[in-house]
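Peer 1: generate coordinates for the sequence data below:
(chains A and B)
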Amino acid sequence: MPITILPPRSSRPINSNNNSRLPQEDASSSEESDSDSGGGVDLDGDVPMRPRQQVRTTFQARPPPRDLASAVVTPGEVITDDPQWMRGHGTYVAPQTTAIVSSVAGTVTRTNKLLSVRPLRARYTPEVGDLVVGRVVEVQARRWRVDVGSTQLAALPLSAINLPGGILRKRTETDELQIRTFFAEGDLVVAEVQQLFGDGGAVLHTRSLKYGKLRNGVFVAVSGMGGGGGVVRSRRQVWTMDAANGGGQVDVVLGVNGYVWISKHVETPEAEATAAGGSITNMEESLSATVYSSQNDRIEVETMREIARLRGVVMALVENGLRVDEEMVIKGYHEAVEMAMVSPEGPDDIYLGGEKGQQLAAALTGA
Amino acid sequence: MPLDTSTYNLALLRVDGRRWNELRRVHAQIRTQAAADGSSYLEMGHTKVMCVVTGPSEPGPRRGGVAGGGSGGAGAGGAGGKAEVVVGIVIAGFSSVDRKRHGRGDKRTLELASTVANALAASLHTHLFPHSQINVSLHVLSQDGSLLAALINAATLACVDAGIPMTDYVAACTAGSTSTYAANDEGADPLLDLNHQEEQELPGLTVATLGESDRVAVLVCESRVQVSRLEGMLAVGVDGCKQMREILDRVVRDKGRRMIQEGTVEKGVGLDDMDVD
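Peer 2: Sure, this is the predicted structure:
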């Protein structure tokens, strides 16, 4: 929809008619008086059905919103009719008016003169640079189609992955024929959004040693961004933490799209190569050996238990409507470990649903 | 038991004790299913409906084929530049007094589904989601009249919960008339929100409007009624839709306010506290 730019007007306060009726009052007053009038309204057809002023257009009939900071706007609600603002996501401009109307239920945000509404909850909308976890659902001739929880499947072209045997190797037809040896249907990948299409589709890439196929762990899907607790874009989406009770080190990947991966930490080939004092060629060899493997490494029972506990923490955060980020997960994990200490079952008690989840959430929000 | 309409003129009260312009008790909830993109539960009197929305998402493999289970589609599908709205309705066998099996290809259910799909497709901003599909799954748990209205209201709420942009709420309700077609009573009063008993005996229509405007999105009349009475019925129905919109809006607002209080959603900004220069 094109944005109409109107000449600036003299500054007048927005929501100048703030003293008009609130919708709650509107609702109560719109109900007819409680008398037993027996339904004697003018329904004969020769007089207007309702008082004239009630048959106004939608966009004038509604009072302007009160105290936008604390309230939510709902679909059809006029945010402002001042033409100085531009409409952003979650809004539309009604035809033949300058009123900016909300199209989703959410909170109003503004960037300079741009007004947008952030929905209480919505599907993930990809943005360039997002770290996402996805599942390969389809293999095509030169690309994979990856479910990232968005409105469409994302594309991962063969040219956007690290091919074994050297990062700078040219893509050949042999690679195209062996496309399933890299990723097959059902594989989980961690990738970055490289490019967006106009229709909202995304193109991913895994051209970094941080990205690639996921193994040795467990997948958790938390609902998309916003409401009901979800993954928020933050400085660090991937980290390695020390697990308690002899669980070794555990990697956590929080995809911005609400897909989470928790796995046993395996030394990256890069780190191994530097530790061994080897050159870049060593690194490439180890890369080819491990990166596209679908075989899990040996995982100790203690590590598995701590991975499961972390998964429980993430689920408890989501169930209790808390945001999922590095700080909350780590704090929640330490809390969960302490809760298990006092439990009669000892460290093997990893259940964090129901009341225990609420207890965990209370401890996190109280602290 | 046939509906005795003769007593209406004595006390001006309907069989369930309501006056002509009163809605039944409406109870609604959103976000009832944690795993769904959007979900809602709606009661209008004893009509109880559950709704789950999935999407917008990539259309499944059964694309192009006729989806089973009483469904109707609207919109240009994956091929065009718009999302397709697919509605499936399941009517539980225990939902009405006489236990009835509703087959998959039940014509009545299919018609309900396509009416709901077309109403939603008109309000939802489907052009924002090309090559995708919005799946609306409706489950009828209990029937006591105004089924189509309840289905539309529940679907609207679930779409709001799913965060799908829309022009405005599509709020629906029914209207009827106090005497039968055969009675040919010119002085008959219109009635708001028919229950099952009234729906069986009296002429009625279902109307849905877009938000607070008078724009009618759905108008279904399946009974015989004198045209002179129609205008009154429609006016009462449209007024009921506005009341219904307020009720639905309050449900969404309450949920939003609670989420802000709990801190799951960041606060918005006011427009007043920014400098206008």
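Peer 1: give me the phi and psi for residue B:172.
Peer 2: Dihedral pair for residue B:172: phi -130, psi 150, per degrees, to the nearest 10.
Peer 1: let me redo that: residue B:173
Peer 2: Here residue B:173 shows phi and psi, under degrees, to the nearest 10, equal to phi -160, psi 170.
Peer 1: so it touches residue B:204, yeah?
Peer 2: No: the criterion here is Cβ atoms under 8 Å, and residue B:173 misses it with residue B:204 at 10.7 Å. Where you see a C-beta, it was placed from the backbone N, CA and C, and this is true even at glycine.
Peer 1: of those two, who's got more company?
Peer 2: Using other Cβ atoms under 10 Å in any protein chain shown, the more surrounded residue of residue B:173 and residue B:204 is residue B:173, with 31 against 25.
Peer 1: and the closest residue to that one other than its chain neighbours, what does it touch?
Peer 2: Nearest residue to residue B:173, sequence neighbours excluded (Cβ to Cβ, 6 or more residues apart in numbering or on different chains): residue B:240, at 3.8 Å. The contact partners of residue B:240, by Cβ atoms under 8 Å, 6 or more residues apart in numbering or on different chains, come to B:23, B:173, B:174, B:175, B:192, B:193, B:207.
Peer 1: how many residues are close by the nearest residue to residue A:107 once chain neighbours are set aside?
Peer 2: Sequence neighbours aside, residue B:268 is the residue nearest to residue A:107 in space, at 3.3 Å (criterion: Cβ to Cβ, 6+ apart). Each residue near residue B:268 was counted by other Cβ under 10 Å, and the total is 24.
Peer 1: now residue B:268: which helix or strand?
Peer 2: Here residue B:268, judged by DSSP states H and E, is contained in no helix and no strand.
Peer 1: in this structure it contacts residue A:79, no?
Peer 2: No: look at residue B:268 against residue A:79 with Cβ under 8 Å: they stay out of range, at 9.9 Å.
Peer 1: near chain A, which residues of the stretch 101-250 of chain B?
Peer 2: B:125, B:128-132, B:160-169, B:189-190, B:210-215, B:228, B:231-232, B:235, B:239, B:242-243, B:246, B:249-250 (Cβ under 8 Å from any Cβ of the partner chain).
Peer 1: got a PyMOL select line for the buried ones in the residues you listed?
Peer 2: Restricted to buried positions by 16 or more other Cβ atoms under 10 Å in any protein chain shown, the PyMOL selection for those reads:
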select buried, chain B and resi 125+128+129+130+131+132+160+161+162+163+164+165+166+167+168+169+189+190+210+211+212+213+214+232+235+239+242+243+246+249
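Peer 1: counting only helices, which of the residues of the stretch 101-250 of chain B next to chain A make the cut?
Peer 2: Judged by DSSP state H, helices contain the following of those: B:160, B:161, B:228, B:231, B:232, B:235, B:239, B:242, B:243, B:246, B:249, B:250.
Peer 1: CSV for those, including pLDDT?
Peer 2: As requested, those are exported to CSV (pLDDT from 0 to 100):
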residue, pLDDT
B:160, 95
B:161, 93
B:228, 91
B:231, 92
B:232, 93
B:235, 95
B:239, 95
B:242, 96
B:243, 95
B:246, 95
B:249, 95
B:250, 95
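Peer 1: among the residues you listed, find me the one that's closest to residue B:31.
Peer 2: Within the set of these, residue B:161 lies nearest residue B:31; the separation is 5.5 Å, counting by Cβ to Cβ.
Peer 1: how about that closest one: what's its closest non-neighbour residue?
Peer 2: Going by Cβ to Cβ, 6+ apart, residue B:161 has residue B:38 as its nearest residue, at 3.8 Å.
Peer 1: what about residue A:366, neighbour count?
Peer 2: By other Cβ under 10 Å, 6 other residues sit near residue A:366.
Peer 1: ignore what I typed, I meant residue A:178.
Peer 2: 10.
Peer 1: how near is it to residue A:171?
Peer 2: 11 Å (Cβ to Cβ, to the nearest Å).
Peer 1: got it, and residue A:239?
Peer 2: 32 Å.
Peer 1: then residue B:94?
Peer 2: Counting by Cβ to Cβ - residue B:94 and residue A:171 are separated by 60 Å.
Peer 1: so these two - more neighbours on which side?
Peer 2: Remark: of residue B:94 and residue A:171, residue A:171 carries more neighbours, 14 against 11, as counted by other Cβ under 10 Å.
Peer 1: so that one sits against residue A:163, correct?
Peer 2: Yes: applying Cβ under 8 Å as the test, residue A:171 and residue A:163 come out as touching, 6.5 Å apart.
Peer 1: check the secondary structure at the residue nearest to residue B:36 when sequence neighbours are not counted for me.
Peer 2: Using Cβ to Cβ, 6+ apart and skipping residues adjacent in sequence, the residue nearest residue B:36 is residue B:52, 4.6 Å away. For residue B:52, the assignment made with DSSP: H, G, I helix; E, B strand; the rest coil gives strand.
Peer 1: show me what residue B:52 is bridged to.
Peer 2: Per DSSP bridges, the residues bridged to residue B:52 are residue B:39, residue B:137.
Peer 1: what sits against it?
Peer 2: Counting by Cβ under 8 Å, 6+ apart, residue B:52 has contacts B:33, B:36, B:38, B:39, B:136, B:137, B:139, B:158.
Peer 1: highest neighbour count among those?
Peer 2: For those, the largest number of neighbours (other Cβ under 10 Å) sits with residue B:158, at 30 neighbours.
Peer 1: from chain A, how far out is that one?
Peer 2: Residue B:158 sits 12 Å away from chain A, going by Cβ to the nearest Cβ, to the nearest Å.
Peer 1: that residue and residue B:41 touch, don't they?
Peer 2: No: using Cβ under 8 Å, residue B:158 makes no contact with residue B:41, being 9.2 Å away.
Peer 1: need the residues touching each of those two.
Peer 2: Among the neighbours of residue B:158, those also in contact with residue B:41 (Cβ under 8 Å, 6+ apart) are residue B:51.
Peer 1: what residue in the stretch 201-350 of chain A comes nearest to chain B?
Peer 2: residue A:321 (4.3 Å; Cβ to the nearest Cβ).
Peer 1: next, find the distance separating that residue from residue B:198.
Peer 2: Residue A:321 sits 42 Å away from residue B:198, taking Cβ to Cβ as the criterion.
Peer 1: quick one: which of those two has more around it?
Peer 2: residue B:198 (24 against 18).
Peer 1: tell me which element the more buried one falls in.
Peer 2: Using DSSP H and E, residue B:198 sits within helix B:196-201.
Peer 1: so which elements touch that helix?
Peer 2: strand B:170-177 (3 or more Cβ pairs under 8 Å, 6 or more residues apart in numbering or on different chains; DSSP states H and E).
Peer 1: mind listing what the strand it packs on pairs with, with the direction of each?
Peer 2: Strand B:170-177 has these strand partners (DSSP bridges): strand B:190-192 (antiparallel), strand B:204-210 (antiparallel).
Peer 1: show me how far that strand is from its chain's centre.
Peer 2: Mean-position distance between strand B:170-177 and its chain equals 9 Å (Cα atoms, centre = their mean, to the nearest Å).
Peer 1: and if you look at stretch A:147-158?
Peer 2: 14 Å.
Peer 1: right, is that stretch up against chain B?
Peer 2: Yes: part of stretch A:147-158 sits near chain B under the criterion Cβ under 8 Å from any Cβ, namely A:147, A:151, A:152, A:153.
Peer 1: and that stretch, what's buried?
Peer 2: A:147, A:148, A:149, A:150, A:151, A:152, A:153, A:154, A:155, A:156, A:157, A:158.
Peer 1: so what's the closest residue to residue A:205 other than its chain neighbours up against?
Peer 2: Closest residue to residue A:205 apart from its sequence neighbours, by Cβ to Cβ, 6+ apart: residue A:160 at 3.8 Å. By Cβ under 8 Å, 6+ apart, the contact set of residue A:160 is A:194, A:203, A:204, A:205, A:206, A:207.
Peer 1: please apply the same query to residue A:191.
Peer 2: Applying Cβ under 8 Å, 6+ apart, one finds that residue A:191 lies in contact with A:131, A:132, A:134, A:146, A:156, A:204, A:205, A:206, A:211.
Peer 1: is it in a helix, a strand, or coil?
Peer 2: Judged by three-state DSSP, the three-state class of residue A:191 is strand.
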